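# Predicted model and sequence below, questions to follow.
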Amino acid sequence: MKKNIIILSFFLFIFKISILKGETFLLIDKGKKILELKEGKKVIALYEIGLGLKSLIPKEKKGDFLTPEGIYRIVHIRASEEYKYFLELNYPNLNDLALAYYKGLIKKEKFIKWMKKLENFKVIENSPLGSKIGIHGGGAFKLERKNGVFYKNYYWTKGCIALNNNDLLKLLKYAKYGQKVFIINSQKRLYEIIKKFVYPTKIIPLEIFEGELYLKLNEYTYLNFHLIEHYQGLRKLIIKKWVRGALKEEIKSDETGSLLDSEKEEYFKKLIIENLEDILKPYKQLDL
């Protein structure tokens with residue numbers, strides 16, 4: 001009896017440990033050319049990476065050879081003769097489709113059809129936005145020669161994220177179906193980073209795009225980011241701080257989307273990057 005109690009206590013201890021242990025996720029920073037394997041705020045591993053063409057613009061269409069930005073999930077893990085393994089991401093996501101619809105790249109019928117497909121966790125293929133974006137091996141850089149001098153070219157992929165083969169094998173121990181992958185460019189200003197993470201709430205093609213997200217800082221404190229962009233150029237970012245259900249602070253950007261206080265701009269930018277795993281969808285439904 002005593003032995004059974006000891007065994008039961010041991011398994012209860014293991015069960016508690018598994019509950020306390022958080023989910024791992026990947027943070028890819030195009031600006032720093034690094035991939036972080038994280039568990040909450042803890043960085044488990046860090047790897048250098050290769051990317052698509054060097055640009056401040058994220059992937060928007062098929063064949064642009066750019067690396068996307070936003071929130072994605074791993075949807076397939078398979079061996080690759082050329083790149084060791086391929087961890088496919090669910091690009092394009094809702095944000096990608098919404099911005100493409102806003103810019104007139106896809107029609108309303110297609111947008112609604114693909115949006116419903118995403119709700120059923122299916123991958124969008126054969127769209128003008130491109131597909132088959134993922135993480136693979138082949139090297140973080142290619143050693144190339146220019147004017148007789150060798151240099152490291154980190155921008156050699158067709159839009160994917162590349163790792164050294166040994167690093168990829170280490171990452172595979174943690175990679176799994178459904179795992180979240182956040183792709184950012186920390187060199188960009190706050191508005192541009194937020195734009196690729198908001199959930200669309202209102203779209204009028206070639207006129208207006210609106211999106212929101214919530215950032216949970218703790219049990220009682222939330223930040224609400226509301227982004228408004230007019231096709232003619234006007235941009236607004238409104239940040240509201242809620243504590244215990246009460247509005248405590250509201251900050252508005254200028255007409256370019258920049259905060260008037262540069263220190264606050266950097267503060268919120270850092271806050272978003274450090275708490276990506278706590279981004280929540282807004283309550284608003286998409287207005288088409």
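Right, received. Where do you want to start?

# I figured L129 hits K62, correct?
Yes - under the criterion of C-beta atoms under 8 Å, L129 is in contact with K62, at a separation of 6.4 Å. All C-beta spots, glycine's among them, are computed from the backbone N, C-alpha and C.

# which one of the two has more residues nearby?
L129 (23 against 14; other C-beta atoms under 10 Å).

# residue contacts, the more buried one?
Counting by C-beta atoms under 8 Å, 6 or more residues apart in numbering, L129 touches 59-62, 91-92, 96-97, 100, 105-106.

# Contacts only, for the residue nearest to it when sequence neighbours are not counted.
Nearest non-adjacent residue to L129, counting by C-beta to C-beta, 6 or more residues apart in numbering: P92, 4.4 Å away. Residues in contact with P92 (C-beta under 8 Å, 6+ apart) are 68, 100, 114, 124, 127, 129-131.

# quick one: which of those has the most company?
Using other C-beta under 10 Å as the neighbour test, those are led by P68, with 25 neighbours.

# Next up, the contacts around it.
Here P68 is in contact with 58-59, 89, 91-92, 96, 133, 159, 183 (C-beta under 8 Å, 6+ apart).

# Repeat the analysis, applying 7 Å as the threshold.
Counting by C-beta atoms under 7 Å, 6 or more residues apart in numbering, P68 touches 58-59, 91, 96, 133, 183.

# quick one on the thing from earlier: between the contacts of P92, which is closest to A140?
Among the contacts of P92, P68 lies closest to A140 (C-beta to C-beta), at 18.3 Å.

# Nearest spatial neighbour of the closest one, chain-adjacent residues omitted?
In space, P68 is closest to K59, 4.0 Å off (C-beta to C-beta, 6+ apart).

# does I44 really touch L37, like I thought?
Yes - with contact taken as C-beta atoms under 7 Å, I44 and L37 are classed as touching, separated by 4.6 Å.

# which neighbours do these two share?
Listed as contacting both I44 and L37 by C-beta under 7 Å, 6+ apart are T24.

# Which one of those two is surrounded by more residues?
L37 (20 against 11).
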